[in-house]
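Asks: Below are the sequence and a predicted model for it; my questions follow.
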Amino acid sequence: AGHNTIGQFEKLPNVKKGDEIIIDAIYGKYKYTVTSTDILEASTFNNCPYAFYNPLGDDDISDDKFLNDTLSYFNSVITGSSDYEGFEEINSIYCYSVQNVKSKITKNKDNSKLFIVETSTKNIEKEEAVKKGLYNELGKEIDDLYIAELKKNSLNPEAIKETAEELKIVYTPLHGTGNEPVQTVLEELGFENVYVVPEQELPNGNFPTVDYPNPEDLKAFDLALKLAKKQDADLVLATDPDADRLGVLARDSKTGEYMSFTGNMSGLLIAEYILEQKKAKKLMPKKGALISTIVSSNLAQAIANEYQIDFIEVLTGFKYIGERIAYYEKNKGPHFEFGYEESYGYLINPAVRDKDGVQSVMLICEMASYYKHQGKSLLEVYIEIQEKLGYHIESQYSYAAEGMSGVEKIKKLMSGLRNSSMDYI
């Protein structure tokens with residue numbers, strides 16, 4: 001179950017009104033009573049003609065990835081399950097809304113949670129929608145639009161050509177949706193040596209080769225690192241299952257070992273590269289902006305100051321970055337140059353309003369090509385940034401609170417923090 005769950009219902013065999021089906025979601029199985037096998041009415045989508053999202057084909061594995069990006073392109077609204085506690089909305093500014101759609105949660109006899117969604121959504125049968133011209137299947141033309149949009153971000157295509165035979169890249173989609181779009185954009189840009197981890201290339205919601213399909217977890221790179229050492233790769237990249245986050249490992253040219261880059265390190269490298277290249281090519285706008293979050297590195301502000309653009313710090317969550325982009329566009333504010341948060345999320349092209357692992361892969365690979373042509377590794381470039389703007393140290397600790405008991409622990413912890421004053425941190 002994902003953001004395209006509604007679209008998937010029509011593919012279920014022999015489903016009719018009144019049937020109870022089980023949605024097998026990441027956090028458990030939920031019952032859903034089929035009220036109709038129809039689709040959402042276009043008015044729910046801001047009168048967008050693409051009223052229904054149809055997967056791009058039986059063999060396509062990137063439909064979930066492209067859904068949000070497609071809705072962004074057509075200025076649409078859709079709802080989808082977000083977490084235990086309710087539903088979030090992708091709103092008319094093309095990013096996750098801060099407000100939740102009204103929902104009611106009850107419990108089944110086995111104590112599992114059952115979602116009953118209460119909305120004013122109108123329905124329309126497929127046949128009627130077709131007649132009204134409201135039903136359009138999204139196909140390869142959307143893939144092509146997306147890839148073409150990403151390629152606009154390339155700042156040094158000549159560097160890719162010059163190092164195409166030398167630079168070696170290992171990539172894993174971790175059984176998720178990134179495989180096809182990543183391979184497509186890298187191939188079209190001219191990268192010749194891209195090796196995809198075969199055991200993790202195809203989608204599999206059970207994630208059989210990893211305990212936790214998260215690029216922040218170094219263990220998720222085990223198979224990719226094995227392949228990287230075999231191919232003597234320069235870069236090792238992993239996107240999470242919905243391909244919005246990117247993890248990066250790069251070979252240290254001095255030791256030959258693979259260095260794990262934090263989300264801050266990758267984000268700061270991208271920011272420096274974009275701004276440095278735009279300044280050198282005289283592409284900098286009169287007024288630009290770099291947007292980050294309160295939990296990300298202060299070095300981002302130092303980079304923004306270095307290139308004399310605005311630095312905006314927002315609350316944690318890419319929805320706040322998306323909101324700021326939309327606000328600037330509506331009010332003729334500074335031009336968005338780059339946005340990132342330390343949890344491995346980056347955005348270069350604001351045509352997509354959420355963090356995007358595919359465009360991040362594209363730019364990281366181009367950066368590696370550009371610096372390799374200069375005889376530098378990504379680690380050496382990061383050290384140069386620190387030497388220029390000051391050394392910044394970061395550390396992160398993650399605590400896993402699993403299952404419903406974990407949710408209760410988190411609630412108690414947060415309640416304690418909110419209701420008790422802290423003497424020190």
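Replies: Arrived safely.

Asks: is it true that N305 touches F311?
Replies: Yes: between N305 and F311 there is a contact under C-beta atoms under 8 Å: 7.0 Å. (C-beta placed from N, C-alpha, C; glycine too.)

Asks: Now do the contacts for the spatially most central residue of the chain.
Replies: The centre of the chain sits closest to D244, judged by C-alpha atoms, centre = their mean, with a distance of 1.5 Å. Listed by C-beta atoms under 8 Å, 6 or more residues apart in numbering, the contact set of D244 reads K65, G345, D354, K355, D356, G357.

Asks: How about Y171?
Replies: 182-183, 186, 194-197, 224, 236-239, 361.

Asks: out of the residues you listed, which one sits closest to Y424?
Replies: Among these, A238 lies closest to Y424 (C-beta to C-beta), at 37.3 Å.

Asks: and the closest one, helix, strand or coil?
Replies: strand (DSSP: H, G, I helix; E, B strand; the rest coil).

Asks: thinking it is in contact with L174, fair?
Replies: Yes: A238 lies in contact with L174 (C-beta under 8 Å); the separation is 5.7 Å.

Asks: Return every residue with contacts to both of those two.
Replies: By C-beta under 8 Å, 6+ apart, A238 and L174 have these common neighbours: P215, A220.

Asks: Name the helix or strand for the residue lying farthest from the centre of the chain, please.
Replies: Relative to the centre of the chain, the most outlying C-alpha is that of D423, 37.2 Å out, by C-alpha atoms, centre = their mean. Following DSSP states H and E, there is no helix or strand that holds D423.

Asks: how much space is there between it and A326?
Replies: Look at D423 and A326: by C-beta to C-beta, to the nearest Å, they are 40 Å apart.

Asks: from the contacts of D244, which ones fall inside strands?
Replies: Of the contacts of D244, the ones assigned to strands by DSSP state E are G345.

Asks: Among the contacts of D244, which one lies nearest to V170?
Replies: G357 (15.2 Å).

Asks: any idea how far the closest one lies from D144?
Replies: 19 Å.

Asks: And for S154?
Replies: 16 Å.

Asks: Show me which of those two is the more surrounded one.
Replies: S154 (16 against 11; other C-beta atoms under 10 Å).

Asks: give the contact list for the more buried one.
Replies: Contacts of S154 (C-beta under 8 Å, 6+ apart): I160, L189, M362, E366.

Asks: didn't V197 look like it was pressed against A224?
Replies: Yes: counting by C-beta under 8 Å, A224 is a contact partner of V197 at 5.1 Å.

Asks: which residues are common contacts for those two?
Replies: Common contact partners of V197 and A224 (C-beta under 8 Å, 6+ apart): V170, Y171, T172.

Asks: Buried residues in the host helix or strand of E276, which are they?
Replies: Assigned by DSSP H and E, E276 belongs to helix 263-280. By 16 or more other C-beta atoms under 10 Å, the buried positions in helix 263-280 come out as 263-278.

Asks: So which elements touch that helix?
Replies: Judged by 3 or more C-beta pairs under 8 Å, 6 or more residues apart in numbering; DSSP states H and E, helix 263-280 is in contact with strand 246-251, strand 288-293, helix 299-306, strand 335-341, strand 345-347, helix 357-373, helix 378-389.

Asks: what angle sits between that helix and strand 288-293?
Replies: 180 degrees (axes from the mean of the first three to the mean of the last three C-alpha atoms, to 10 degrees).

Asks: quick check: mean pLDDT across helix 263-280?
Replies: Average pLDDT, helix 263-280: 97.

Asks: ok, now stretch 397-406?
Replies: Stretch 397-406 carries an average pLDDT of 84.

Asks: Equivalent analysis for stretch 308-324, please.
Replies: 94.

Asks: Kindly report the same for stretch 162-178.
Replies: 96.

Asks: What of stretch 343-355?
Replies: On average, stretch 343-355 scores 92.

Asks: List the buried residues of stretch 350-365.
Replies: 350-365.

Asks: Thanks a lot, catch you later.
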